[in-house]
Structure formats: C-alpha cells, structure tokens
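Peer 1: need a structure here:
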Amino acid sequence: MRTMTTMNTQALQKTILLAGIALMLALNVQAQNTDKAYSEKVRENATTFHKNFSSGDFYKNGALVNEKIYVNSNNAIVIGRDNFVNRIKRFHTPFPELELHDRIVIVDENEVGLLYIMQDEQDGPYGTIPASGNKINVYAAEFFVMDDEARMKELLTITQLDQLKKQITGVDKVSEFEKVSLLPIKKTNLAHKKMLTDNVEAYVQNFNTRDWEAFKALFAKNADININGKMITGAQALIDELNKKIADYAPDMTYHLEHNIVEGDRGALAYTIKGTHTFSSQVGEDGKPLKKSIQSMEGIHFQFNKKGKIIKAVIIYNSDDLNNQIH
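Peer 2: Numbering: from 1, shown residues only. A predicted model of the protein is given here:
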C-alpha cells in the first residue's frame, strides 16, 4: 500500500513537473523582447518610415527620430533631425515616385533590422547621370537603434548603389519590378534566440579566423544565398566568393561586428570591413609596393531552420565603396 502511494506521489510530481515545463515553454514563445508593448511601438515606428517616404511625407519622419540622431547613410555622416530629413529627400529629384517596400522587419529590444527594395523609374539626373527612364529594383539594408520613446537615435543604411548605377545606365536592365511582400517571422523562444545570436556572431568570428569548416557548419545543405544580386547555392560557393574578395582587396580583411539583431527564425547582421590593400603596380619611395587601408560596410539578412542552420542569406553592399578606394 505504501509502495502504491509512493508511486502515485511520484507520478503526480512528474506530471506537475512536465506541466510546469510545458507552461514555461509556452510562455517563452515570442517572449524574446523584454517589454512587448515597447517592442511593438518600435516595430510600428520602424515600418512607418518607409511608408512616409514612399508617399513623399518626408517631414513626418522628423517626428519619429531623436533630435540628435546620428546617421551613417552609405558612408555619409549626418547629425540632427533637420539634416536627417534633408538627407532622405535627396532621391526625390532623380526618382520622384520612389517607393521603399519592406521585405523583412526584425525587432530585437530597441534595435531593428530591415531589408527593403527601392523601386521607381529614373525621371531626373542622378549625379552626372541624366534621366534615363530606366527602372530600378535595388536592395538595401537598414539598422535602427531607438531611444526610450521608440524614436530613432541611430541609423545605418547600406544600399546597393552599384546596382542602382548599372540599372539606370542600362548595363543591367530591369524589365519589371519585383513583387514585394513582408515576409513572416516564425515564433521561437529565448533559448532559440540565444542560439541564433551566437551563430550570427560566429559567422563574423569564423570569417576573421578563416575557419572555413566552422563557417560552413553554420549553413544548412544547399542554402540559398543572394550575394549583392548574384544567386549562389551552398556555403562552399559563398566561401569561394569570399576568398576571391579577400585576394582582390585585402589578404588581412576582417569584419568588425556592428549590429547583431535576432527575432524568431531571422537575423540581421551589420559589419565593417577593414583591411590593407597592396598596389602591385605602384611602389613607394622605399621601392616597396604601396599599401592603403580600406574600409566598407556590409549587411546580411539570415533565415534559420529549427536547428539554427542558415537556410537563406541576402548579403547587401555597394561594391563601388572598395573599388573607389583602390582605383
């Protein structure tokens, strides 16, 4: 009798334990941001920026930013709300009907990672390039840091300006605009979020140490990778592209992590490329090849599977950044 009672007690304790674990897991789903109300305000404000831009209501975006905002817009540094508004108006002349379509919006506490697509026809001059009437379908990544009122206090923008120039000059012809819809974010939990955050950081660390086996292990088999408009499949194809870039620009190339933003099954990474380029055809007074420090910004949007492996990646940069530094 005493044995039966003991067994019943143990069974009850096990049931309570399992129920408690199930409850914790249920509560942990979507509990990736400390203050859900704040995070949703961040998400709302973040998505409003591009809506205002697309409708030409540039000044409405002024109210959504901190008066002392710091902006790095494709290497142009802008400080303050008024300068920010004037900066975002610059595309209005070459692209009067320019629309920014959000593809991915990731909110991680007070940080936001966005992937969006710029679409319009060139109806005015872009720098020295006259109006062409050609369509543009250009990818860009943005990274926001918000203040306590969910207003933007820092902005980093990385745009495929090299692709934009190719498209308006007819080198790459855009016949139709890409159809864009906001991609979903799957619900996960805090443990999964930490795993993905660690994996995003490992992407940078493994590149810096050239640990290509560990780098490859971050990817699922046959991962789809868009590297600045070029579609490739699998981690090895990406490694081949990266090694070519290292050889062309700087053998000592490294990534310095700037933003690591994770929500659900998605992650966004921004990093600064640093390295030393050696000019094989130019020598200094000492008779040795000239060397020059180079630097650029890149952004990546990842999608992960349940095991935390990368199944999709979109890598955004402007190749003219590095090319202009070495030519």
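Peer 1: low pLDDT regions in this protein?
Peer 2: The chain contains residues with pLDDT under 70 at 1-32.
Peer 1: strands along that one, start to end?
Peer 2: If DSSP state E is used as the criterion, the strands of the chain fall at 65-73, 76-79, 99-108, 111-121, 135-146, 152-159, 219-227, 230-233, 254-263, 266-283, 289-304, 310-316.
Peer 1: okay, now the sheet partners of the fourth one, with direction.
Peer 2: The pairing partners recorded for strand 111-121 under DSSP bridges are strand 99-108 (antiparallel), strand 135-146 (antiparallel).
Peer 1: could you check the angle strand 266-283 makes with the first one?
Peer 2: In this structure, strand 99-108 runs at an angle of 110 degrees to strand 266-283, with axes from the mean of the first three to the mean of the last three CA atoms, to 10 degrees as the basis.
Peer 1: ok, residues contacting strand 99-108?
Peer 2: Residues outside strand 99-108 that contact it (CB atoms under 8 Å, 6 or more residues apart in numbering) are 32-33, 39, 42-43, 46-47, 50, 53-54, 112-120, 140, 180-183, 185, 261-264, 266-268, 301. Any C-beta I mention is one placed from the backbone N, CA and C, and that applies to glycine too.
Peer 1: re earlier: identify whichever of the strands paired with strand 111-121 lies nearest to residue 200.
Peer 2: strand 99-108 (10.7 Å; CB to CB).
Peer 1: convert the C-alpha atoms of the closest one to CSV, please.
Peer 2: Listed in CSV are the C-alpha atoms of strand 99-108, where the atom choice follows Å, rounded to 0.1, in the frame of the first residue of the first chain:
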residue,chain,number,x,y,z
GLU,A,99,8.8,53.6,-53.2
LEU,A,100,10.5,51.7,-50.5
HIS,A,101,9.0,48.2,-49.9
ASP,A,102,9.8,46.4,-46.7
ARG,A,103,10.7,42.7,-47.2
ILE,A,104,11.9,41.9,-43.6
VAL,A,105,11.5,43.8,-40.4
ILE,A,106,13.2,42.3,-37.3
VAL,A,107,12.8,43.8,-33.9
ASP,A,108,15.2,42.9,-31.1
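Peer 1: deepest-packed of the strands paired with strand 111-121, please.
Peer 2: Highest mean neighbour count among the strands paired with strand 111-121 (mean count of other CB atoms under 10 Å): strand 135-146, with a mean of 23.
Peer 1: now that strand, how far from the chain's geometric center?
Peer 2: Its chain's C-alpha centre and that of strand 135-146 lie 8 Å apart, by CA atoms, centre = their mean, to the nearest Å.
Peer 1: now do the contacts for the closest residue to residue 229 other than its chain neighbours.
Peer 2: Leaving aside its sequence neighbours, residue 229 sits nearest to residue 163 (CB to CB, 6 or more residues apart in numbering; 5.6 Å). Contacts for residue 163 (CB under 8 Å, 6+ apart) come out as 138, 139, 172, 228, 229.
Peer 1: residue 100 versus the third one, what's the distance?
Peer 2: Spelled out, it's residue 172. Using CB to CB, to the nearest Å, we find residue 172 at a distance of 20 Å from residue 100.
Peer 1: hmm, back to that, which of the strands of the chain sits closest to residue 207?
Peer 2: The closest of the strands of the chain to residue 207 is strand 254-263. By CB to CB, the value is 5.5 Å.
Peer 1: give me the distance from the closest one to the chain's centre.
Peer 2: Centroid separation between strand 254-263 and its chain, computed with CA atoms, centre = their mean, is 9 Å.
Peer 1: residue 175 versus residue 311, what's the distance?
Peer 2: According to CB to CB, residue 311 stands 29 Å off from residue 175.
Peer 1: could you check which of these two is surrounded by more residues?
Peer 2: residue 311 (17 against 6; other CB atoms under 10 Å).
Peer 1: ok, that one - contacts?
Peer 2: Residue 311 makes contacts with 219, 220, 223, 224, 303, 304, 305, as judged by CB under 8 Å, 6+ apart.
Peer 1: hmm, 10 Å instead?
Peer 2: Residue 311 sits next to 219, 220, 221, 222, 223, 224, 225, 265, 302, 303, 304, 305 when contact means CB atoms under 10 Å, 6 or more residues apart in numbering.
Peer 1: the first one is in contact with residue 213, isn't it?
Peer 2: No: counting by CB atoms under 10 Å, no contact exists between residue 219 and residue 213, whose distance comes to 11.6 Å.
Peer 1: what's the overlap in contacts for the two?
Peer 2: Common neighbours of residue 219 and residue 213 (criterion: CB under 10 Å, 6+ apart): 235, 239.
Peer 1: who has more neighbours out of the two?
Peer 2: In this view residue 219 and residue 213 are compared by other CB under 10 Å, and residue 219 has more residues nearby, 23 against 9.
Peer 1: please tell me how far that one sits from residue 311.
Peer 2: 8 Å.
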